[in-house]
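> predicted coordinates and the sequence they were generated for:
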Amino acid sequence: MRIVRDRMKRRPAPETRADAVRAIIDEVRRDGDAAVIRLTGRFDGVEIGQGSLRVDPHEVRAAVDALEAELLAGLRAAIENVRHVAEAQLREPTAVELPDGQRVKVSEVPVRRAGIYVPGGRAPYPSTVVMGAVAARVAGVPQVAVCAPPGRDGRLHPVTLAACALCDVVGEVYRMGGAQAIAAFAHGTESVRPMDVIVGPGNAWVTEAKRQVFGEVGIDGLAGPSELAVLASPGADPELIALDLLAQAEHGEDSPLWLVSTDAELGEEVVAAVERLAPERPSATDAELMVVPARDLQQALRFVDMIAPEHLQLVGDHAERLAGSVMRAGCIFVGAGAATAFGDYVAGSNHVLPTGGAARFASGLGVSTFRRRMAHVSLPGEAPARLAPAGAALARAEGFPVHAESMERRA
């Protein structure tokens, strides 16, 4: 891990690949399945047969039987916990009767089709299947699809398939990844019907593709590299903090890490623990750890608010008391026991979270990502007569006299 002594500097602007991704999307829109297969060979070096983007449902179901008992239990625990938290997010319809007699009922309805993008790369990510598919099913989405990049043999990893089966996604599992998969989900091909919403993290190409198709479909957000900021105060265990930082470094060299502390001695102890533990943990990449000294907890809190990290851990009695004051973070983990790794898998919170500072305005993946609000308006009895004068005055002020007439006729 690379240690950087940072003085509360803002994050760099992300790189874009707009033109290349636009060409990929256009190619998929024009050539459908053939383009997805061709692009998969070009970018991933994987040959998949013509017409075989969809995984046979029998293969999906059979993958569950091949799981080791411990892994199967882990997946089931994750599914159950994520489901409980997702169910708590459901909202009942709200009806309001206003003084003039009109009634407005606001309800949430699910989208019809949702596509879950599951990244590939260094390992399979069944946990992302769980986070996306469970939230979509709880939201009431009737048609859920999953895609993931195929391995060198042209097949999806059995653990990913097993997670799909356990999350009740069997009929629409696709072996495709990258920007071409986002294009297929957005515009459809011969094998893939277009989605209403696309969710899930991915690399810079996937993120740029989601940005470009947004507006034609909904998306959960634009995910960048995974992030962790630890705000620590005296009393925190430096070795546990070091393990949490090294765990986050497993996501890749481009994962930003911050250690913010008012205690210089604690900061040095954490750095020493990182340097001692890292050589024995080769899966932790050479990610950059920015060590940020703070004059006091309020300055530390202002820095965290400025970067709006994806994950924020508050460790140490004084730091933990700041939990209610944090306004900008994707997910907050409070206390020595609350490692970010629990949130990645089994805590029940969702691990698809805003990155790159987007926690200033965006939320993590949840039931609301797959639902939209819809209002039902009724104006019985004398309500039109009571409302028409106010509505007509506003309409004429905006230059819409027929709007005014439409309301006045009801009076």
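The structure has been received and is ready for your questions. Everything quoted here is computed from the prediction, not taken from an experiment. Numbering: from 1, shown residues only.

> remind me which residues of the protein are low pLDDT?
Scanning the chain for pLDDT under 70 picks out 6-15, 50-51, 121-122.

> how about the strands in it?
2-5, 94-97, 103-110, 113-117, 143-148, 173-175, 197-199, 218-219, 228-232, 257-261, 288-293, 311-315, 331-334, 371-378 (DSSP state E).

> ok, which of those strands comes nearest residue 126?
Of all the strands of the chain, strand 143-148 sits nearest to residue 126, with 9.6 Å by C-beta to C-beta. Any C-beta I mention is one placed from the backbone N, CA and C, and that applies to glycine too.

> so who does the residue nearest to the spatial centre of the chain touch?
Nearest to the mean C-alpha position of the chain, counting by C-alpha atoms, centre = their mean, stands residue 352 at 2.8 Å. Taking C-beta atoms under 8 Å, 6 or more residues apart in numbering as the contact definition, residue 352 lies against 128, 131, 132, 199, 200, 201, 220, 223, 364, 365.

> which segments of the protein make up each domain?
As recorded under automatic domain parsing, the domains making up the chain are 18-92+110-219, 225-360, 379-409.

> closest to residue 5 out of these?
For these, the distance to residue 5 is smallest for domain 225-360, at 5.6 Å, taking C-beta to C-beta.

> endpoint to endpoint, that closest one covers what distance?
Chord length of domain 225-360, first to last residue, is 17 Å (C-alpha to C-alpha, to the nearest Å).

> closest one to residue 101 among the domains of the chain?
Comparing the domains of the chain by C-beta to C-beta, domain 379-409 comes nearest, at 3.5 Å.

> the closest one: which residues count as buried?
379, 383, 384, 386, 387, 388, 391, 392, 395, 404, 407 (16 or more other C-beta atoms under 10 Å).

> before we move on, what about stretch 368-381?
Neighbour counts over stretch 368-381 (16+ other C-beta under 10 Å) mark 369, 370, 371, 379 as buried.

> quick one: the helices in the stretch 101-250 of the chain, in order.
Taking DSSP state H, counting those that start in this stretch, the helices of the stretch 101-250 of the chain run over residues 126-139, 158-166, 178-187, 204-213, 238-249.

> can you redo those as a markdown table with distance to residue 109 and mean neighbour count?
Conversion of these to a markdown table gives the following (distance: least, C-beta to C-beta, whole Å; neighbours: other C-beta atoms under 10 Å):
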| stretch | distance to residue 109 | mean neighbour count |
| --- | --- | --- |
| helix 126-139 | 10 | 27 |
| helix 158-166 | 25 | 24 |
| helix 178-187 | 21 | 28 |
| helix 204-213 | 22 | 22 |
| helix 238-249 | 37 | 22 |
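
> all good on my end, thank you.
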